[in-house]
Structures are given as structure tokens and as C-alpha cells.
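Need coordinates for the below:
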Amino acid sequence: MAADLSFGALRIIENFVGGLLNRIVERRSRLIVFYGHIGTLQLAAPPSAPPGSPPARIHTHTVVIGNDGGLPAHNVRVPHQGSLAAANIHVYIDPGVNYSVQTLPGGEEEILFPLLVSKQYVTISYLYFPPTTFHTINLPIRSDEGFAQQVYVLPAAHPPPRWLSVALFALALIGLATVAYGIFELSRWVGIKFG
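Prediction:
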């Protein structure tokens with residue numbers, strides 16, 4: 001009974017460490033999306049408008065798409081619920097990268113980026129007029145590798161120095177080994193026999 005308990009505990013620790021190492025070593029693309037700068041601008045009526053005309057309203061939002069992984073993301077697709085031109089939606093993409101706008105069989109349009117390399121970010125700015133709103137434009141973003149994960153804060157522009165990351169990882173491993181050793185000693189103190 002005691003040997004089965006200790007074997008089970010070791011298997012749990014082994015699976016945890018294996019999963020952690022796999023996550024660290026595995027190189028893949030990781031597509032993220034951040035919806036930001038959602039706003040409405042109110043402009044004064046033009047001088048040529050009749051007196052008492054309501055102010056003009058303009059809606060805007062941005063979509064930041066990034067590949068936060070170690071490998072390139074292929075065929076990144078930014079689909080829309082309809083035709084951008086038909087809904088009078090204006091789009092600006094920064095920085096200037098290779099992309100195309102494709103019409104889908106149902107009449108929807110999508111912006112296609114053939115490739116986003118590791119750590120590359122692209123911002124799409126939208127400008128449109130009422131009654132169109134932010135919620136009626138974008139659909140889930142995806143690439144050949146899978147769907148983009150929505151984040152609510154953009155990653156820091158300046159990651160910590162490499163030596164600090166390595167030192168923190170080493171300290172985490174030392175802590176994990178200390179906890180495993182503590183569990184081993186506690187189980188011996190309780191009377192569980194190994195071997």
C-alpha cells in the first residue's frame with residue numbers, strides 16, 4: 001500500500017515536470033489578438049449643413065494581431081461579418097505588410113496575412129459610421145495552426161534580460177526539487193517504505 005502511494009506521488013511529479021519541460025522546449029506559433037481603442041468621435045456639423053443639424057459621429061477600433069510563439073504563423077485570417085466596402089468600413093494596416101482581402105462564398109470578407117513571423121505584430125485600424133458598431137464587424141481570427149487567443153493586455157515591449165529569466169527558472173527548479181525532497185522525507189517520517 002505504502003509503495004503504491006509513493007509510486008503514485010512520483011508519477012504525479014514526473015508528469016508535472018515532463019509537462020513543464022515540454023511547454024518550455026516546444027516551439028510553435030502562438031497567435032494572440034487584442035481589441036483596443038474602441039471609441040466614438042463626435043464631429044461638429046460642417047458649415048454647409050443646415051442650422052440645427054446634429055453632429056456627425058464616427059466609430060473606430062483597432063485590432064492588434066501578434067505571433068507570440070517561436071515559429072511562424074501561416075495564413076492568418078481576419079474575417080468580417082460582411083463586405084467592408086458595402087458597410088462603408090475603412091481599414092488601415094500598420095506596419096505595411098503583405099496582405100490581401102478575399103471575398104468568401106457567403107459575401108463576407110477576410111484580410112489574409114500569408115505569414116506572421118515570430119514576435120511580429122500587426123495593427124488593423126477600423127473607421128466606420130453608425131449604425132455599424134464594433135460588435136458587428138469582426139469574427140474570430142485564426143491561422144493554419146489554430147484560433148487566436150484573445151488577450152486583454154498586450155505583452156511588454158521589453159522582456160526581462162535573458163540572465164534574469166535563466167536565474168528565475170533555476171530558482172524555480174531548486175524550489176521544485178526542495179518540495180519533492182520534503183515530500184519524500186515526510187513520507188519516510190510517516191513510515192512509508194520505498195523500494
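
Can you name the residues bridging to the closest residue to Asp94 other than its chain neighbours?
Nearest residue to Asp94 in three dimensions, chain neighbours excluded: Thr123, at 5.0 Å (Cβ to Cβ, 6 or more residues apart in numbering). (Glycine included, C-beta is placed from N, CA and C.) With DSSP bridges as the criterion, Thr123 is bridged to Val64, Asp94.

And Leu115, by the same measure?
Bridge pairing for Leu115 - DSSP bridges - gives His74.

is it true that it touches Pro72?
Yes. With contact defined as Cβ atoms under 8 Å, Leu115 reaches Pro72; the gap is 5.4 Å.

out of those two, which sits in the busier spot?
Higher neighbour count among Leu115 and Pro72: Pro72, with 17 against 14, using other Cβ atoms under 10 Å.

roughly how far apart are the nearest residue to the more buried one once chain neighbours are set aside and Arg77?
Setting aside the residues directly before and after it, Pro72 is nearest to Val117 in space (Cβ to Cβ, 6+ apart), at 5.0 Å. Per Cβ to Cβ, to the nearest Å, Val117 is found 17 Å from Arg77.

And those two? Which one has more around it.
Each of Val117 and Arg77 has its neighbours counted (other Cβ under 10 Å); Arg77 has more, 17 against 10.

ok, now which ones touch that one?
Arg77 sits next to 110-112, 141-143 when contact means Cβ atoms under 8 Å, 6 or more residues apart in numbering.

Pipe the residues you listed into CSV and attach secondary structure, distance to Asn15 and pLDDT per row.
Below are these laid out as CSV (DSSP: H, G, I helix; E, B strand; the rest coil; distance: Cβ to Cβ, whole Å; pLDDT from 0 to 100):
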residue, secondary structure, distance to Asn15, pLDDT
Glu110, strand, 40, 92
Ile111, strand, 41, 94
Leu112, strand, 40, 94
Ile141, coil, 33, 92
Arg142, strand, 30, 93
Ser143, strand, 30, 93
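
For the residue nearest the centre of the chain, give the beta-bridge partners.
The centroid of the chain falls nearest to Ile32 when counting by Cα atoms, centre = their mean (1.9 Å). Ile32 has these beta-bridge partners by DSSP bridges: Gly66, Gln149.
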